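*Asks:* 3D, please:
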Amino acid sequence: MNIQYKEELFLLNQNNQQQPSTQTPGQPAFGGHELFDAHESIGALIGTLDHFVLYADHVQDPELTGIMQRQQTFLTQMYNTIVDTLTSGHDPAVKTQVYKMEENNQTTYGMSPSAPKKPIQSANELNDECISAGILGHLKGISTHFTTTALEATNPVLRRVFADSIPNTIEMAFEMYLYQNKNQYYQVPTLQPQDTQAIRQSYAPIQGNISH
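*Replies:* Residues are numbered from 1 along each chain as shown. Have a look, this model is predicted:
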C-alpha cells in the first residue's frame, strides 16, 4: 500500500467517523443493502404484474385465465403488503397471506417428440405456451429476489414479510409449471432407473444421539 493511498484511506475513515447518524430516534431502521434489494424485489414484482395485464387479452385457455387471475389478485395484495411495510417499517395493515393452488401436484414424467422452440417475432404469435412460460419465469425471478432481500434485511418486519412471501411465489411458480407440464409445454426428462436408485441410496442417516 503506497503512502498516498494510506493518507486517503485515513481521511476517509475520519470523515466517516465524524458523520452523524441519519437515523431519527424512535423511527424504524433500514440498512442500505436491504433497501437496494427491496427496490429490486418490488421492481420485479411490478414487472410481473405488468405482464399479467399485457398477456390477459392473448390467453386462449380458460384454465390458464383462471390461474392468472387468482395469481394476479394474490400478487397485488402481496405488493400492497410489502409497500406498506417498507413505508411504515412496522406490521402491515394486511399481513402475509397463504396462496393455495388448485392443481393436483401430479407431474407427468418423460419426453415426447415436440417441435423445436424459438422466440416469437410478433405479438400475434403469443399463445398459451409462451404466456405460461413467461409467467413462470417471472415467478421464479421474484422468488430469487425475495430470498436475497430477506437475507439482507435488518428490519425484522420487512425481513419476515419477504421471507413469508417466498413460499407463496414458489407455490404459484409450481402451479404454473404443473399447468405447463399437463399440456406438454414443460416436459420432465428422467434418468435410467438404476441411476435414479443409485442417487436416492447414496446417503445414510447419522447414527446415535445428537447432543445439544
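
*Asks:* Isn't residue 109 up against residue 188?
*Replies:* Yes. Using Cβ atoms under 8 Å, residue 109 is in contact with residue 188, at 5.1 Å. All C-beta spots, glycine's among them, are computed from the backbone N, C-alpha and C.

*Asks:* which residues touch residue 48?
*Replies:* Applying Cβ atoms under 8 Å, 6 or more residues apart in numbering to residue 48 gives the contacts 75, 135, 138-139, 141-142.

*Asks:* And the next helix or strand past the strand or helix carrying it?
*Replies:* Residue 48 is part of helix 32-56 when elements are defined by DSSP states H and E. Moving toward the C-terminus from helix 32-56, the first helix or strand encountered (DSSP H and E) is helix 62-88.

*Asks:* average pLDDT for that next one?
*Replies:* Averaged across helix 62-88, pLDDT comes to 97.

*Asks:* can you check stretch 160-168 too?
*Replies:* For stretch 160-168, the per-residue pLDDT averages 97.

*Asks:* Quick check: buried residues in that stretch?
*Replies:* Within stretch 160-168, the residues scored as buried using 16 or more other Cβ atoms under 10 Å are 160-166, 168.

*Asks:* Contacts for it, please.
*Replies:* Against stretch 160-168 from outside (Cβ under 8 Å, 6+ apart): 38, 41, 74, 78, 81-82, 85, 92, 96-99, 143, 146-147, 149-150, 153.

*Asks:* For ChimeraX, what selects the buried ones among those residues?
*Replies:* The buried subset of those, as determined by 16+ other Cβ under 10 Å, is captured in ChimeraX by this line:
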select :38,41,74,78,81,82,85,92,96,99,143,146,147,149,150,153
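
*Asks:* Show the contacting residues for the residue positioned nearest the centre of the chain.
*Replies:* Geometric centre of the chain, nearest residue: residue 143, 1.3 Å, by Cα atoms, centre = their mean. If you count contacts by Cβ under 8 Å, 6+ apart, residue 143 has them with 166, 169-170, 173.

*Asks:* which among the residues you listed gets closest to residue 179?
*Replies:* Lowest distance from residue 179 to these (Cβ to Cβ) belongs to residue 173, with 10.9 Å.

*Asks:* any idea which element the closest one lies in?
*Replies:* Going by DSSP H and E, residue 173 is in helix 156-182.

*Asks:* Show me which positions of the next helix or strand after that helix end up buried.
*Replies:* For helix 156-182, the following helix or strand on the C-terminal side (DSSP H and E) is helix 193-200. Using 16+ other Cβ under 10 Å as the test for burial, helix 193-200 gives no buried residues.
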